[in-house]
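[1] Mind folding the following:
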Amino acid sequence: MTVENTQINVKEMQGKLMEAHQIKNNLTGYMARDFIPQLRESRERINQDKTLSTQGKHEKREKHTLQREAALLTHIENEHKNYSAVLGEVITAAEDVLLKGVEAPSEREQALFDMDAKKAANGVMFAPTAKAKLVAIQKYAALAEQGQAYAQQIHANFTEMAAAAIQGAANPTDKLMLTKALGDINTKLENQTTSGEQKEFAKLLDSAKRMKGANFVNTIALERGLREVSKNTFEYANDRKTYMEKYNDQYQAYLKAHKFGHLIR
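    Model prediction:
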């Protein structure tokens with residue numbers, strides 16, 4: 001993958017995250033500009049309907065409320081599916097990049113590297129003091145600078161090498177010194193084992209997973225509007241599945257009324 005294509009892909013996935021944010025934020029505008037005004041107008045028409053008795057108005061308001069809560073929760077469910085699908089694209093693309101293998105060195109390059117790595121590892125093994133061992137490990141870790149494929153090989157052996165060095169330090173001061181220094185080296189190695197492309201996509205993956213795991217509806221910001229529709233709308237805004245199972249009969253009645261044009265307007 002070329003640098004240009006990588007940049008395009010990163011920007012494309014960043015755009016997808018923005019698209020997901022927009023889908024989520026659009027709910028506020030939809031409720032404020034469309035849903036709530038229409039809800040109020042319908043309720044007012046019911047209240048002003050002179051053909052209905054007081055009991056008739058009450059029953060019609062109840063039926064209208066059930067229809068409107070079902071309608072809004074259905075809208076939220078559909079928008080959440082769109083939101084999840086967009087985030088799913090980002091997650092899949094990011095995981096594909098992170099799982100992509102590194103181009104392996106040639107046999108000659110690998111053989112030369114193995115010679116240097118073995119020599120450096122021997123230097124670590126036979127270092128007589130804690131400070132000498134740290135210097136030797138630093139030289140071993142420096143081999144990671146030859147490229148990502150080599151960095152992964154060095155890092156694969158580093159944890160065991162570092163643990164042995166720390167465990168072998170008899171002096172508590174040396175043990176503390178090695179723990180800190182080797183921790184810093186490990187952090188650098190971890191950074192070297194991933195490409196710039198992978199780092200960008202790792203950030204995208206983290207953002208997409210956090211967004212997908214969070215509640216879709218901000219019930220704090222939208223509490224007043226949701227409660228104006230009904231108590232159920234607020235309670236089940238982020239748990240539509242439970243709502244549709246618990247109130248399946250009335251939800252099916254809403255779907256039927258919607259299908260045949262019998263919704264209360």
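[2] for this structure, which helix is longest?
    Identified as the longest helix of the chain according to DSSP state H is helix 54-99.
[3] And that helix, what does it pack against?
    Contacts defined by 3 or more C-beta pairs under 8 Å, 6 or more residues apart in numbering; DSSP states H and E place helix 54-99 against helix 3-30, helix 36-48, helix 196-213, helix 223-229, helix 231-235, helix 240-246, helix 248-259. (Glycine included, C-beta is placed from N, CA and C.)
[4] Contacts for stretch 235-252, please.
    For stretch 235-252, contacts defined as C-beta atoms under 8 Å, 6 or more residues apart in numbering pick out 66, 70, 73-74, 76-77, 80, 215-217, 219, 222, 226, 232.
[5] repeat for stretch 45-57
    Under the contact criterion C-beta under 8 Å, 6+ apart, stretch 45-57 has outside partners 60-61, 64, 264-265.
[6] could I get these as TSV with pLDDT?
    Converted to TSV, those look like this (pLDDT from 0 to 100):
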residue	pLDDT
60	96
61	97
64	97
264	92
265	89
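[7] Go through those and name the one nearest residue 15.
    Within those, the smallest distance to residue 15 is 38.3 Å, found for residue 265 (C-beta to C-beta).
[8] any idea what sits nearest that closest one, other than its immediate chain neighbours?
    Closest residue to residue 265 apart from its sequence neighbours, by C-beta to C-beta, 6 or more residues apart in numbering: residue 42 at 6.0 Å.
[9] Would you agree residue 212 is in contact with residue 91?
    Yes - here residue 212 reaches residue 91: they are 7.3 Å apart, a contact under C-beta atoms under 8 Å.
[10] neighbour count winner among these two?
    Between residue 212 and residue 91, counting by other C-beta atoms under 10 Å, residue 91 is the more crowded of the two (20 against 16).
[11] So for that one, what's the nearest residue that isn't a sequence neighbour?
    Distances taken as C-beta to C-beta, 6+ apart put residue 208 closest to residue 91, at 4.9 Å, once the chain neighbours are dropped.
[12] And residue 253, by the same measure?
    Spatial nearest neighbour of residue 253, chain neighbours left out: residue 66 (7.7 Å); criterion: C-beta to C-beta, 6+ apart.
[13] Please enumerate residues in contact with stretch 200-214?
    6, 10, 13-14, 17, 20-21, 84, 87-88, 90-91, 93-95, 97-98, 194.
[14] Report the buried members of these.
    For these, a burial check counting by 16 or more other C-beta atoms under 10 Å picks out 6, 10, 13, 17, 20, 84, 87, 90-91, 93-94, 97-98, 194.
[15] quick one: residue 249 from residue 74, how far?
    For residue 249, the distance to residue 74 (C-beta to C-beta, to the nearest Å) stands at 15 Å.
[16] and the two? which has more neighbours close in?
    Set residue 249 next to residue 74 and count neighbours by other C-beta under 10 Å: residue 74 wins out with 17 against 8.
[17] Tell me the confidence at that one?
    On pLDDT, residue 74 comes in at 97.
[18] Would you mind splitting this structure into its domains for me?
    Domains of the chain are assigned by automatic domain parsing as 3-101+209-259, 107-194.
[19] how about CSV for those, with distance to residue 201 added?
    Shown next, in CSV, are those (distance: least, C-beta to C-beta, whole Å):
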stretch, distance to residue 201
domain 3-101+209-259, 4
domain 107-194, 9
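[20] what residue is smack in the middle of this structure?
    The centroid of the chain falls nearest to residue 209 when counting by C-alpha atoms, centre = their mean (1.3 Å).
[21] buried sites along stretch 245-259?
    By 16+ other C-beta under 10 Å, the buried positions in stretch 245-259 come out as 247, 250-251, 253-254, 257.
[22] I'd say residue 219 and residue 225 touch.
    No - in this structure residue 219 lies outside contact range of residue 225 using C-beta under 8 Å: 10.1 Å.
[23] which stretches of the stretch 101-250 of the chain aren't confidently modelled?
    Scanning the stretch 101-250 of the chain for pLDDT under 70 picks out no residues.
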